[in-house]
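Novice: heads up, no residue letters with this:
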């Protein structure tokens, strides 16, 4: 029995062995014979990667197609992980990086230096803190993070340096060289270096550097030249507050936008139109397929061509913009060379297009980043956009709105007269006028800028009615432009209540002449003036006239957007326009406006400010032209100017230029007509 049991067990074992061998034989036959090509390919292919190809940003042109922002081709140096030694091969990586750094130094190239560490005079590692507090603290925190050096928050700069040396195998280098290599290695780690994400280590390099790398690819293994589109400006000083800037995407933006296809190495619009139209300017990245076989051979194929971003056509006229900027600068320097600043805006009365908008002082887009700290610390704040963000007490430029409201509400008519004896009393409070004008009606009150007349209007209207009409004209609210702008303030009980402050009867009469808490931007003043000029239609202001798709050639027009029709009759608006015409012919600016051929209507204004304990007046002027059939509205604000008349030279230069270069332009039609 026992021997038979053993014999049976042996037979079963033999059968099992034979079955397994047959199975292996079948699998071997299937692999070697039946599906040889398939399995050979599978065995030979390690990985296939999709690498994005950067698309050039769209161009920005003026209303006539003149280029403002274009692209030029340049060369950047990238490291490509498909050819670069692996992260385990620290020595090989570091030797290549040292060779690249020596090349960059020889040819005076800038290269990646984002590591927030440096060596002091004693050779000790310290944190770089030259940037503003928020920026450098974020960078240091990132350096210590789990994904970078994995250190505690309290780690010192020397702790970070030592951890960097250990992480990247830099022990055999001196401190200075280790730090230089560390900058490049840090950049690779920070930007998630991989086969499908090459990293740029040097931008806009010379032809000499390109040739050296191309001719010595074994020495600079993994380094390659990428043709890149760099922003180029027809005039880098023209309209910088409108055009804006472009920079590398930051970590917070990447986290928010990566689902939209952004890479950590991408650029993004930071400000102005570059930011506002980012969605269209960005373009559509292409794709390159990279395949690495089992022997390490790399093949590349472009599987999707990149598409350049849309062309953005702005409403501004580049030559008119230049005139506005130059005259604004001249005026500010003549008022107070060291302290005066200002803004000017030119708008098409009949569709809300902004033809020019300037802020002084200004800056140069070409060296914006190199001089950022200098610009940011400048006491005159050249980075501050005064035409959109500067909120000013408008002074007497507020009076045309007051006249419109008073006429429409019936608290005065065109013949109502108030006697100006230079003083107006509200209870025990006394409010003054600039002179004793005697009997004033609405037209002469605008001409003479009589405070007494408008104190009476304010008292009869009340603050609620005043603000109702102020809102209709767009005062104290955004104009709708594509770039950031201030809301401003419409004075009244609602605003005061935010600060637990009371509104008194005297505040109402002060508000009636553009004082009290009223604060408006030059954009708002220009748009409100345009609304009076065109017969009561308030348009949304805009800088973008159209965009042209580079993918399809489709043109998308912004068009005119009427956001409100003010509840003021044409007859009453005409009375106001007549009063504004009298300012140009018999008021302060008459001597200047008499020198140009175009008839204009305007209103001056001043408001008091205190600078270093000394009282000064800011000057304002709103103007439309031509008087009979308005086409353009202009608003200017000059700090420390003393009076609105001081700004008239800017306005006259703009009008003179506009009409001397637009001789074929058709007159705007105030009323709609039927087209056959």
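Specialist: Right, received. Where do you want to start? Just so it is clear, the structure is predicted and the values come from calculations on it, not from any experiment.
Novice: strands of the stretch 201-350 of the chain, residue ranges please.
Specialist: Along the stretch 201-350 of the chain, the stretches classed as strands by DSSP state E, counting those that start in this stretch are 223-233, 246-248, 267-269, 286-293, 298-304, 311-314, 342-348.
Novice: what residues are up against residue 62?
Specialist: Remark: with contacts taken as Cβ atoms under 8 Å, 6 or more residues apart in numbering, residue 62 is in contact with 68, 313, 314, 316, 317, 318, 321. For the C-beta atoms, the positions are set from N, CA and C on the backbone; glycine is no exception.
Novice: where's it relative to residue 275, distance?
Specialist: 19 Å (Cβ to Cβ, to the nearest Å).
Novice: residue 58 too?
Specialist: Distance from residue 58 to residue 275, counting by Cβ to Cβ: 13 Å.
Novice: and for residue 546?
Specialist: From residue 546 over to residue 275 (counting by Cβ to Cβ), the distance is 19 Å.
Novice: hmm, back to that, as TSV, the contacts of residue 62 with neighbour count would be great.
Specialist: Shown next, in TSV, are these (neighbours: other Cβ atoms under 10 Å):
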residue	neighbour count
68	23
313	23
314	28
316	28
317	22
318	20
321	23
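Novice: residue ranges in the stretch 1-150 of the chain under the pLDDT threshold?
Specialist: Applying pLDDT under 70 to the stretch 1-150 of the chain flags residues 1-13, 15, 18-20, 22-46, 130-134.
Novice: now do stretch 507-518, average pLDDT.
Specialist: Per-residue pLDDT values over stretch 507-518 give a mean of 96.
Novice: which residues touch that stretch?
Specialist: With Cβ under 8 Å, 6+ apart as the test, stretch 507-518 has contacts from 393-399, 402, 424, 426, 431, 451, 454-455, 457-459, 461-463, 466, 475-476, 489-492, 495-496, 605, 607.
Novice: drop anything exposed from these.
Specialist: In these, burial by neighbour count holds for 393-399, 402, 424, 426, 431, 451, 454-455, 457-458, 461, 463, 466, 475-476, 489-492, 495-496, 605, 607, counting by 16 or more other Cβ atoms under 10 Å.
Novice: is it correct that residue 354 is in contact with residue 543?
Specialist: Yes. Residue 354 sits in contact with residue 543 when judged by Cβ atoms under 8 Å, with a separation of 5.5 Å.
Novice: gap between residue 554 and residue 311?
Specialist: Residue 554 sits 11 Å away from residue 311, taking Cβ to Cβ as the criterion.
Novice: compare those two and say which is more crowded by neighbours.
Specialist: For residue 554 versus residue 311, neighbours defined as other Cβ atoms under 10 Å are more numerous around residue 311 (20 against 10).
Novice: list the buried residues of stretch 579-593.
Specialist: Buried positions in stretch 579-593, judged by neighbour count with 16+ other Cβ under 10 Å: 579-585, 587-590, 592-593.
Novice: let me know the helix or strand that residue 456 is in.
Specialist: Applying DSSP states H and E as the criterion places residue 456 in helix 451-461.
Novice: and that helix, how far out from the chain middle?
Specialist: Remark: helix 451-461 is offset 41 Å from the chain centroid, using Cα atoms, centre = their mean, to the nearest Å.
Novice: could you do stretch 510-520 as well?
Specialist: Using Cα atoms, centre = their mean, we find the averaged C-alpha position of stretch 510-520 to lie 30 Å away from the chain's own average C-alpha position.
Novice: quick check: end-to-end length of that stretch?
Specialist: 15 Å (Cα to Cα, to the nearest Å).
Novice: residues touching the most centrally placed residue in the chain, list them.
Specialist: The residue lying closest to the centre of the chain (Cα atoms, centre = their mean) is residue 271, at 1.6 Å. Residue 271 makes contact with 244, 245, 483 under the criterion Cβ under 8 Å, 6+ apart.
Novice: same deal with residue 583?
Specialist: Residues in contact with residue 583 (Cβ under 8 Å, 6+ apart) are 446, 447, 449, 589, 601, 602, 603, 604.
Novice: try it again at 10 Å.
Specialist: Contacts for residue 583 were tallied using Cβ atoms under 10 Å, 6 or more residues apart in numbering; they are 396, 399-400, 443, 446-449, 589-590, 593, 600-604, 621-623, 644-645.
Novice: do residue 643 as well
Specialist: With Cβ under 10 Å, 6+ apart as the criterion, the residues that contact residue 643 are 395-396, 449, 588-589, 604-606, 617-621.
Novice: pipe those into a markdown table and attach pLDDT and distance to residue 181 per row.
Specialist: Formatted as a markdown table, the contacts of residue 643 follow (pLDDT from 0 to 100; distance: Cβ to Cβ, whole Å):
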| residue | pLDDT | distance to residue 181 |
| --- | --- | --- |
| 395 | 95 | 62 |
| 396 | 96 | 66 |
| 449 | 96 | 70 |
| 588 | 91 | 68 |
| 589 | 95 | 66 |
| 604 | 96 | 64 |
| 605 | 95 | 62 |
| 606 | 93 | 62 |
| 617 | 88 | 60 |
| 618 | 92 | 55 |
| 619 | 94 | 58 |
| 620 | 96 | 58 |
| 621 | 97 | 60 |
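Novice: and which of the residues you listed is nearest to residue 153?
Specialist: Within the contacts of residue 643, the smallest distance to residue 153 is 47.9 Å, found for residue 618 (Cβ to Cβ).
Novice: now the angle from the helix or strand containing the closest one to strand 342-348?
Specialist: Assessed by DSSP H and E, residue 618 sits inside strand 614-625. Counting by axes from the mean of the first three to the mean of the last three Cα atoms, to 10 degrees, strand 614-625 lies at 10 degrees to strand 342-348.
Novice: and the next element down the chain from strand 614-625?
Specialist: Beyond strand 614-625 on the C-terminal side, the first helix or strand identified by DSSP H and E is strand 632-638.
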